[in-house]
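# Here is a sequence with its predicted model. Questions after.
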Amino acid sequence: MSDQTAKGLPGSEMLAAMFEAPQKLFAQFTGQPGSGDPGGDMAQWTAVAQQLQAQWLTFQREQAQAAGGAADAFAKAPDILGGLGQFVPVMQDWLKALPLGEPARQKQFWEESLSLWQGVLGQYGIGPQAGEAAQDGPALPRKDRRFADPKWREQPFHALVHQTYLMLAEQVQALAESAGAESAGTDSAGGGDQARSEQLKFAARTLTEMLSPAHFPLTNPVVLEKTIASKGENLIKGMQHLLSDLKRGQLTHVDPAAFKVGENIAATPGKVVHETSLYQLIQYSPTTPNALEVPLLIFPPWINRFYILDLSPEKSFIRWAVEQGLSVFVVSWKSADESMRDLVWDDYIRAQIDAIDHVRSRLDVNSVHTIGYCVAGTTLAATLALLARRGEAGKVKSATFFTAQVDFELSGELKVFIDDQQLAALEKLSAKQGYLDGRYMAFTFNMLRGNDLIWNYVIKNYLLGEDYPAFDLLHWNGDVTNLPAKWHMAYLKDLYRDNKLVVPDCLSADGTPIDLTRIEVPTYIQAGREDHIAPAASVWKLMDHLRGDKTFLLAGSGHIAGVVNPPSARKYQYWTNPGAAESLDQFVAGAIETPGSWWPHWIEWIRSQDAAEVPVNGKRVPGAKGDSVIEDAPGRYVKSN
């Protein structure tokens, strides 16, 4: 066997052994003799192995050429997970705190494993605890949706493998909980490191997710069956998917050809009416004869494409808002390039003020309703504080916050990535080109839900070779945006790490100190009950720092589905509480649950701020006669790399 083959994919001998070994080794469990010839056609398996090897070697040659002939074919190859190489050493350092090598722990693992094996095998009539098998199959002690397919229980080998894995995963995570509690200390005065505790638990969870037997062909019965049934075609197709993803440096979730921005996604009609080097301002075409006099200006997250609020027509918040009689404007942020290396906090706040002023001037109105989603909500809060300090608070009639945070004390799992070691690595990574490649941010968010957004697709795409689905939300999730390096690092340090935004006048923008307690604009604060990016308890803290009239609403689901939940979907629910509440727990205790979308509740709140309407004419219709516009929505910026 050549060195290339040994480093890459298995040759025909290894592929044949992959099927032959389990049959011979576990024939006593399956009750079937191992034939050594899966599918009865060794020539087919040899051909499959040769195709896989040829694909891999071709890829290696292409990568070596791209790397300028470097000896290591992957010297300049993009990382499939967009950052795994940067994260693995950090995670390894965290895991050193786990007492996995202690003799007492190993003895405990062994004893519990032996007990588990005897109990599981006994249900198949094997071993000292052998009994009669239940008619509806073995009653295995541990359940997990990753192993819900009946094939995981049909044979004792696969039952034993996944049950042992689940037991060991429980043990490792329990160790992380224990070690984390010890690291954090027993009370706030103990000097413990809560952040280190959370990192340890996250690393343990990530490790156990990664090592699931579902991710290896030999131990995944669904993959084995598919491979034999298709005579290895799934492996060939899976290899094509894998190599394509390696080349683009990002895991593919959906059919790349299923959606095209401006055609069947981000397709609400409108015009780009203003642009700067940082953003384009889109105004959407009205569909009602009258509109609320006060227009709506939406600031989407600058870490993602704006069209999370304009997915397919039936899911589009923007289209729905237009249909409710709002004159809707949306900011489309430009994906960072080298020219944006020096952009900072001030630039994004100035951009928000510029957009507010442009809408006011264009429609000749005194004020606008605003929405800030996620990190754009954080920036919107700073913008409102700056306007208040300057005596210009009247430019904004109301502010709505979608899953936004200003106080990062309880900001959740993302904080596991915010320590000096990781920040230094991230800064080094983005310093040369002046921006952070959006794939690294995508990888970070995917890691928070690894089973759903990484490993699930490793199985489907690479092992089973399934066709990609057409799902607009996942298309958006993979349409990454680059971030200005200087601003991104300041955001992580000043807000996530040091929590400076809630300290009056600790931060400033455009020469003006920021004090959130000066904000008296009516606010509508929406949080997601299951949000892992901006936890509801963290979003609630807006209630503690802002002044004026505040309305809090808790929506079912999480960071995306909790926001993008149109009434037509008839999904989820939301909670309101008309009484006074000093904490999220008090709010929930007295909350009223309402089924379905919260959007109708929001539009009624908007109308309660100012119900005045005007005819839709003049510049309320973008691109009408005499109106100079730049281009059709969704504009160029959303399509830039």
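Now that the structure is in, tell me what you want to look at. All figures in this text were calculated on a predicted structure; none of them were measured in a lab. Residues are numbered from 1 along each chain as shown.
# contacts, neighbours, all on C-alpha from now
Fine.
# For Leu387, see how far away Gly394 is.
8 Å (Cα to Cα, to the nearest Å).
# Pick out whichever of those two has more residues nearby.
When neighbours are counted by other Cα atoms under 10 Å, Leu387 comes out ahead of the other of Gly394 and Leu387, with 20 against 15.
# Spatially nearest residue to that one (excluding sequence neighbours)?
Ala393 (5.0 Å; Cα to Cα, 6 or more residues apart in numbering).
# And for Thr512?
Counting by Cα to Cα, 6+ apart, Thr512 lies nearest to Leu386, which is 6.3 Å off, once chain neighbours are set aside.
# And that neighbour, which helix or strand is it part of?
Assigned by DSSP states H and E, Leu386 falls within helix 375-389.
# roughly how far is that helix from the heart of the chain?
Here the centre of helix 375-389 is set off from its chain's centre by 25 Å, with Cα atoms, centre = their mean, to the nearest Å.
# what sits against Ala381?
Ala381 makes contact with 406, 516 under the criterion Cα atoms under 8 Å, 6 or more residues apart in numbering.
# ditto for Leu297
Going by Cα under 8 Å, 6+ apart, Leu297 touches 328-331, 356, 359, 368-371.
# Cross those residues against helices and list the overlap.
356, 359 (DSSP state H).
# for the protein, what's the longest helix?
For the chain, the longest helix by residue count, based on DSSP H, is helix 156-184.
# And the average pLDDT for that helix is what?
Mean per-residue pLDDT for helix 156-184: 84.
# what's the next helix or strand after that helix packed up against?
Reading on from helix 156-184 to the C-terminus, the next helix or strand found by DSSP H and E is helix 194-210. If you count contacts as 3 or more Cα pairs under 8 Å, 6 or more residues apart in numbering; DSSP states H and E, helix 194-210 packs onto helix 84-95, helix 156-184.
# The last one vs helix 194-210, what angle?
Taking axes from the mean of the first three to the mean of the last three Cα atoms, to 10 degrees, one finds helix 156-184 and helix 194-210 inclined to each other by 170 degrees.
# just how off-centre is helix 156-184 within its chain?
25 Å.
# Please enumerate the strands of the stretch 451-600 of the chain.
Ranges of strands in the stretch 451-600 of the chain, per DSSP state E, counting those that start in this stretch, are 483-484, 508-509, 512-513, 523-528, 550-555, 573-576, 592-595.
# CSV please, covering those and showing mean neighbour count, distance to Glu233 and mean pLDDT.
Putting those into CSV (neighbours: other Cα atoms under 10 Å; distance: least, Cα to Cα, whole Å; pLDDT from 0 to 100) gives the following:
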stretch, mean neighbour count, distance to Glu233, mean pLDDT
strand 483-484, 26, 40, 94
strand 508-509, 17, 58, 96
strand 512-513, 16, 63, 97
strand 523-528, 25, 42, 98
strand 550-555, 22, 44, 98
strand 573-576, 20, 44, 98
strand 592-595, 13, 46, 97
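# and the residue nearest the centre of the chain, what helix or strand is that in?
The centre of the chain sits closest to Phe445, judged by Cα atoms, centre = their mean, with a distance of 3.7 Å. Element membership for Phe445, per DSSP H and E: helix 438-448.
# what does Phe109 give?
Taking DSSP H and E as the criterion, Phe109 maps to helix 103-122.
# after that helix, next one along is what?
From helix 103-122 onward toward the C-terminus, using DSSP H and E, the following helix or strand is helix 151-154.
# If you count neighbours, what's buried in that following helix?
Residues of helix 151-154 classed as buried: 152-153 (neighbour count, 16 or more other Cα atoms under 10 Å).
# same deal with stretch 248-263?
Using 16+ other Cα under 10 Å as the test for burial, stretch 248-263 gives 249-254, 259, 261-262.
# and Leu492, what is it in contact with?
Ile418.
# What about this protein, which residue is the most distant from its middle?
Distance to the chain centre peaks in the chain at Pro128, reaching 47.1 Å (criterion: Cα atoms, centre = their mean).
# Val120 is in contact with that residue, correct?
No - between Pro128 and Val120 there is no contact, the gap being 11.0 Å when judged by Cα atoms under 8 Å.
# that older thread, got phi/psi on the residue farthest from the centre of the chain?
The phi/psi pair for Pro128 (degrees, to the nearest 10) reads phi -70, psi -20.
# sorry, back to before: for Glu338, see how far away the residue nearest to Leu387 is.
Per Cα to Cα, Ala393 is found 34 Å from Glu338.
# who has more neighbours, the two?
Taking other Cα under 10 Å, Ala393 and Glu338 do not tie; Ala393 has more neighbours (20 against 12).
# Can you read off the pLDDT for the more buried one?
Reported pLDDT at Ala393 in the predicted model: 98.
# quick one, what contacts it?
Counted by Cα under 8 Å, 6+ apart, Ala393 has contacts 384, 387, 519, 521.
# Please convert the residues you listed to TSV, extending it with distance to Pro469.
Output for these, formatted as TSV (distance: Cα to Cα, whole Å):
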residue	distance to Pro469
Leu384	42
Leu387	46
Ile519	45
Val521	43
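# CA atoms only for the helix holding Leu386 - export them in PDB, please.
These are the backbone C-alpha positions of helix 375-389, laid out as PDB (Å, rounded to 0.1, in the frame of the first residue of the first chain):
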ATOM      1  CA  VAL A 375     -25.900  42.200  17.900                       C
ATOM      2  CA  ALA A 376     -27.600  45.000  15.900                       C
ATOM      3  CA  GLY A 377     -29.900  45.400  18.900                       C
ATOM      4  CA  THR A 378     -26.900  45.800  21.100                       C
ATOM      5  CA  THR A 379     -25.600  48.600  18.800                       C
ATOM      6  CA  LEU A 380     -29.100  50.100  18.600                       C
ATOM      7  CA  ALA A 381     -29.100  50.500  22.400                       C
ATOM      8  CA  ALA A 382     -25.800  52.400  22.200                       C
ATOM      9  CA  THR A 383     -27.200  54.500  19.400                       C
ATOM     10  CA  LEU A 384     -30.300  55.400  21.400                       C
ATOM     11  CA  ALA A 385     -28.100  56.300  24.400                       C
ATOM     12  CA  LEU A 386     -25.900  58.500  22.200                       C
ATOM     13  CA  LEU A 387     -29.000  60.300  20.700                       C
ATOM     14  CA  ALA A 388     -30.400  60.800  24.200                       C
ATOM     15  CA  ARG A 389     -27.100  62.400  25.400                       C
END
